[in-house]
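Enquirer: I would like the atomic coordinates for the input below:
(one chain, ligands or ions: 2)
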Amino acid sequence: MSEKLYIFDTTLRDGEQVPGCQLNTVEKIEVAKALEALGVDIIEAGFPVSSPGDFNSVVSISKAVTWPIICALTRANENDIKVAAEALQYAKHKRIHTGIGTSDYHIKYKFNSNREEILERAVAAVKCAKKYVEDVEFYAEDAGRTDNEYLARVIEAVVKAGATVVNIPDTTGYCLPEEFGRKIRFLKENVNGIDKAIIATHCHNDLGMATANTISGILNGARQAEVTINGIGERAGNTSLEEVTMIFKSHKDLNIDTNINTQKIYSTSRLVSSLMNMPVQPNKAIVGRNAFAHSSGIHQDGILKNRENYEIIDPQDVGIDENSIVLTARSGRAALKHRLHILGVELDKERLDKAYDDFLKLADRKKDLNDDDILMLVGKARSENARITLEYLQVTSGIGVRAVASVGLLIAGERFEAAASGNGPVDAAIKAVKQIIHRQMTIQEFLIQAITKGSDDMGKVHMAVSHEGLLYNGFSANTDIIAASVEAFIDAINKFVH
Ligand code: KIV
Ligand code: ZN
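Expert: Residues are numbered from 1 along each chain as shown. Ligands and ions are numbered 1, 2, ... in the order given. Next comes the predicted model:
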């Protein structure tokens, strides 16, 4: 029988402390809801006393989220705890996370105090929090560098005072995995009453060992892992949720289960990365761009023969669409053929050879090739079976004259024509298209890229068009960038007209 590991997500507290990663309340609610859908057990929503913004975010997240426990951080003093309790008033399940530094560094240089006084303050904080909520988590800050005998005394005292969870943070990311595991085992074996509380790990990644330390702690008796999405957090970050989750999913023999719906990992990772403006390193385990990109021909061939030759995780298990994996200059012919097959294009040997030559030339110039590039290469476009197609386009533009465009569209085989003037040729042409297709639609993003270098180059256009609250992406490539822009607009429209 597997044992449950509680996943405590601190993306919105430890993660949000990172300079540049601050979110507004609306964005925090979006992340909190994504975390709820992902299946985390506890969301650390903020540090309410630190600012009115943090306080309001904890209030709003408490209202917006139903299932996970909402946790608020405090220092070991009455005012912090009182403010946290107030911020948590609307939470359906609530927890106060209070604590104090227990290493000799913190005791001496942060608090100018001594071990006995710190132990008393720890107990007083837990008793105070217990007046407001039943579920109280105590953190022994810098536990990684705290003497084990003293740590055991503190933990025993706070459990006796009512702590339901005891958090053993490696605040500075100093411990070695074996050392951290031994610390957890020491507490399991030497603290009276430890079975009344859950032991939590909270590891930082300063030496790149946050995940290893967390796993070691769990294998030695901890049952709550404190983690963040993409491993963001103070300095080098925290243990990442996706790594811990996928380690236990992959190593079934460890008999540890989480509640995480792993298929939502990738989308949650993208959401956090984009809202926090924090790119994910390409080779980041599980969620990095290259995590499943087998770029060498030998690996790709092996993967196509049997995925397990080179892959321990099925990308679909973490919500990555197989089709989104990029091809590069080192991809083999078999990989190109397979991708074309997925895209519904079958080529005979001769045409495949030609496509592969063109593919290599393009891949030399452009690092990652996506599905649109591949389709363009073999002379196909996604819009081939489209309901609306561009039959003709004529524009007049120049310096000192207003641009004018005439457009002919075929809609289900019937021709429609319109002309319009605009602020430049693209604007004029788009206005003409809008005269034919009377739908509420707004261009939200418009990106033009050259594929190679010369003036005879193909221009690639991506356009995101919003319609009735949803976003539709259009794509086209053409040596005429005005035509490419209009085609991309029509490609997006084809995705919502029926
Ligand atoms: O790293 C740490 O020690 C913390 C505590 C506040 C739990 O973030
Ligand atoms: Zn931390």
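Enquirer: what are the ranges of the helices in the stretch 51-200 of the chain?
Expert: Assigned by DSSP state H, counting those that start in this stretch, the stretch 51-200 of the chain shows helices spanning 52-64, 78-87, 104-105, 115-130, 148-160, 177-190.
Enquirer: between those helices, which gets nearest to Val404?
Expert: Nearest of the helices of the stretch 51-200 of the chain to Val404, taken as C-beta to C-beta: helix 52-64 at 50.1 Å. Every residue, glycine included, has its C-beta placed from N, CA and C.
Enquirer: Close to ligand 1: what parts of the stretch 151-300 of the chain are there?
Expert: Contact residues (C-beta under 6 Å from any ligand atom) of the stretch 151-300 of the chain with ligand 1: 167, 169, 171, 202, 204.
Enquirer: what's the pLDDT at whichever residue of the stretch 301-450 of the chain sits closest to ligand 1?
Expert: With C-beta to the nearest ligand atom as the measure, Val318 is the residue of the stretch 301-450 of the chain nearest to ligand 1, at 26.1 Å. Per-residue pLDDT puts Val318 at 94.
Enquirer: Next, count neighbours for it.
Expert: 23 (other C-beta atoms under 10 Å).
Enquirer: Select from the residues of the stretch 151-300 of the chain next to ligand 1 every entry located in strands.
Expert: Cross-referencing these against strands under DSSP state E gives 167, 169, 202.
Enquirer: Could you single out the nearest of those to ligand 1?
Expert: Pro169 (3.4 Å).
Enquirer: Pull up the per-residue confidence for the closest one.
Expert: pLDDT at Pro169 comes out at 98.
Enquirer: continuing past the helix or strand in which Asn213 is found, what's the next helix or strand?
Expert: Under the criterion of DSSP states H and E, Asn213 resides in helix 210-219. Where DSSP H and E defines the elements, the next helix or strand beyond helix 210-219 is strand 224-227.
Enquirer: distance between that next one and the chain's centre?
Expert: 17 Å (C-alpha atoms, centre = their mean, to the nearest Å).
Enquirer: okay, that strand in PDB with CA atoms only?
Expert: The C-alpha coordinates for strand 224-227 follow below in PDB (Å, rounded to 0.1, in the frame of the first residue of the first chain):
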ATOM      1  CA  GLN A 224       5.000  16.800   3.300                       C
ATOM      2  CA  ALA A 225       7.100  18.300   0.500                       C
ATOM      3  CA  GLU A 226       7.300  22.100   0.200                       C
ATOM      4  CA  VAL A 227       7.800  23.000  -3.400                       C
END
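Enquirer: So which elements touch that strand?
Expert: Packing contacts for strand 224-227, counted by 3 or more C-beta pairs under 8 Å, 6 or more residues apart in numbering; DSSP states H and E, involve strand 6-9, strand 165-170, strand 198-203, helix 210-219, helix 241-250.
Enquirer: Mind doing that once more with 10 Å?
Expert: strand 6-9, strand 42-46, strand 136-141, strand 165-170, strand 198-203, helix 210-219, helix 241-250 (3 or more C-beta pairs under 10 Å, 6 or more residues apart in numbering; DSSP states H and E).
Enquirer: looking at these, which is buried most?
Expert: strand 42-46 (a mean of 29; mean count of other C-beta atoms under 10 Å).
Enquirer: Okay, now the sheet partners of that strand, with direction.
Expert: Here strand 42-46 has these sheet partners by DSSP bridges: strand 6-9 (parallel), strand 69-73 (parallel).
Enquirer: closest one to ligand 1 among those?
Expert: Of the strands paired with strand 42-46, nearest to ligand 1 by C-beta to the nearest ligand atom is strand 69-73, at 6.0 Å.
Enquirer: and the angle for that closest one with helix 78-87?
Expert: 150 degrees (axes from the mean of the first three to the mean of the last three C-alpha atoms, to 10 degrees).
Enquirer: any idea of the mean pLDDT in strand 69-73?
Expert: Across strand 69-73, the average pLDDT comes to 98.
Enquirer: and what of stretch 228-247?
Expert: 97.
Enquirer: just stretch 422-430 next, same as before
Expert: The pLDDT scores in stretch 422-430 average 95.
Enquirer: Okay, buried residues for it please.
Expert: 422, 425-430 (16 or more other C-beta atoms under 10 Å).
Enquirer: returning to that earlier point: save the helices of the stretch 51-200 of the chain as TSV, and put in mean pLDDT and mean neighbour count too.
Expert: Putting the helices of the stretch 51-200 of the chain into TSV (pLDDT from 0 to 100; neighbours: other C-beta atoms under 10 Å) gives the following:
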stretch	mean pLDDT	mean neighbour count
helix 52-64	97	20
helix 78-87	98	20
helix 104-105	98	14
helix 115-130	98	19
helix 148-160	98	19
helix 177-190	98	18
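Enquirer: Put together JSON lines for those, with distance to Val40 on each row.
Expert: Below are those laid out as JSON lines (distance: least, C-beta to C-beta, whole Å):
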{"stretch": "helix 52-64", "distance to Val40": "12"}
{"stretch": "helix 78-87", "distance to Val40": "19"}
{"stretch": "helix 104-105", "distance to Val40": "31"}
{"stretch": "helix 115-130", "distance to Val40": "22"}
{"stretch": "helix 148-160", "distance to Val40": "24"}
{"stretch": "helix 177-190", "distance to Val40": "21"}
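Enquirer: To Asp348, which of those helices lies closest?
Expert: Evaluated over those, closeness to Asp348 peaks at helix 177-190, with 54.3 Å, by C-beta to C-beta.
Enquirer: What lies in contact with the closest one?
Expert: By C-beta atoms under 10 Å, 6 or more residues apart in numbering, the surrounding residues in contact with helix 177-190 are 140, 143-144, 146, 148-149, 151-153, 155-156, 159, 166, 168, 170, 174-176, 194-195, 197, 199-201, 203, 209, 211-222.
Enquirer: Go again with 7 Å.
Expert: 144, 148, 151-152, 155, 168, 170, 194, 199, 209, 212-213, 216-217, 219-222 (C-beta atoms under 7 Å, 6 or more residues apart in numbering).
Enquirer: cool, and stretch 337-355?
Expert: With contacts defined as C-beta under 7 Å, 6+ apart, stretch 337-355 is touched by 304, 323, 327, 333, 336, 371, 374-375, 377-378, 380.
Enquirer: how far is that stretch from where the chain is centred?
Expert: Mean-position distance between stretch 337-355 and its chain equals 33 Å (C-alpha atoms, centre = their mean).
Enquirer: if you skip the residues just before and after it, what's nearest to the residue nearest in space to the middle of the chain?
Expert: Nearest to the geometric centre of the chain sits Ser269, at 0.9 Å (C-alpha atoms, centre = their mean). Nearest residue to Ser269 in three dimensions, chain neighbours excluded: Val287, at 4.0 Å (C-beta to C-beta, 6 or more residues apart in numbering).
Enquirer: For that neighbour, list the residues it contacts.
Expert: Counted by C-beta under 7 Å, 6+ apart, Val287 has contacts 230, 242, 265-266, 269, 280.
Enquirer: Name the SS class of it, please.
Expert: Secondary structure, DSSP: H, G, I helix; E, B strand; the rest coil: Val287 is coil.
Enquirer: same deal with Phe292?
Expert: Taking three-state DSSP, the label given to Phe292 is coil.
Enquirer: Just to check, it is in contact with Ile320?
Expert: Yes - proximity of Phe292 to Ile320 meets the contact threshold set by C-beta atoms under 7 Å, at 6.1 Å.
Enquirer: re the thing from before, just put the strands paired with strand 42-46 in a markdown table and tack on distance to ligand 1.
Expert: Output for the strands paired with strand 42-46, formatted as a markdown table (distance: least, C-beta to the nearest ligand atom, whole Å):
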| stretch | distance to ligand 1 |
| --- | --- |
| strand 6-9 | 10 |
| strand 69-73 | 6 |
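Enquirer: in a helix, that's where Leu352 is, yeah?
Expert: Yes - counting by three-state DSSP, Leu352 falls inside a helix.
Enquirer: Got the confidence number for it?
Expert: 90.
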